[in-house]
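Student: Next input, structure requested:
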Amino acid sequence: METEQVDLQSIKNILEAAILTSEEPVGLGELAKLFGNEVGHDLLRRVLEDLRSDWSGRGVGLVSVAGGWRFQTRTDLQKYLDRMSAEKPPKYSRAVLETLAIIAYRQPVTR
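Tutor: Now for the predicted structure:
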């Protein structure tokens, strides 16, 4: 029983590392490739749910999205994280705004 527990913990660690280091959501099929034929999809889902519960209540959580699994920050913390990025919305010149209006509303070009 203890060896099975160690195996589950190592599977959990491998999955956690793979998802954390991936730039995009990782699908269940991709995660299964990490283990070859040794780990089934049902076990992977169970371990992923365990990981999700392990990360609940933290600033980052494991979520299932359409593309697979990924870690993302909680939405209520976004206002604090926005303070770190100094990006301001771009200011458009009058000429750019006129061009966008022409394109958007399919107006005739006057200039």
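Student: quick one: R58 is in a strand?
Tutor: No: counting by DSSP: H, G, I helix; E, B strand; the rest coil, one finds R58 to be coil, located in no strand.
Student: how far does stretch 65-84 sit from the chain's center?
Tutor: 8 Å (Cα atoms, centre = their mean, to the nearest Å).
Student: ok, and for it, which residues are buried?
Tutor: G68, W69, R70, F71 (16 or more other Cβ atoms under 10 Å). For glycine as for every other residue, the C-beta is placed from the backbone atoms N, C-alpha and C.
Student: Tell me which entries of the residues you listed lie within helices.
Tutor: Under the assignment DSSP state H, those contribute nothing to helices.
Student: Which single one of those is nearest to G29?
Tutor: Proximity of those to G29 (Cβ to Cβ) peaks at G68, which lies at 8.6 Å.
Student: The closest one and E23 touch, don't they?
Tutor: No: if you go by Cβ atoms under 8 Å, G68 and E23 don't touch, sitting 11.9 Å apart.
Student: hang on, the earlier thing: and the buried residues of stretch 65-84, which two are furthest apart?
Tutor: Maximum distance among those (Cβ to Cβ): 11.5 Å, for G68 and F71.
Student: Check the most centrally placed residue in the chain and give its pLDDT.
Tutor: For the chain, the residue sitting closest to the mean C-alpha position, by Cα atoms, centre = their mean, is R70 at 3.9 Å. Here the pLDDT value assigned to R70 is 95.
Student: Next up, the contacts around the closest residue to it other than its chain neighbours.
Tutor: Nearest residue to R70, sequence neighbours excluded (Cβ to Cβ, 6 or more residues apart in numbering): P25, at 4.2 Å. Contacts for P25 (Cβ atoms under 8 Å, 6 or more residues apart in numbering) come out as V65, A66, G67, G68, W69, R70.
Student: Cool, thanks, signing off.
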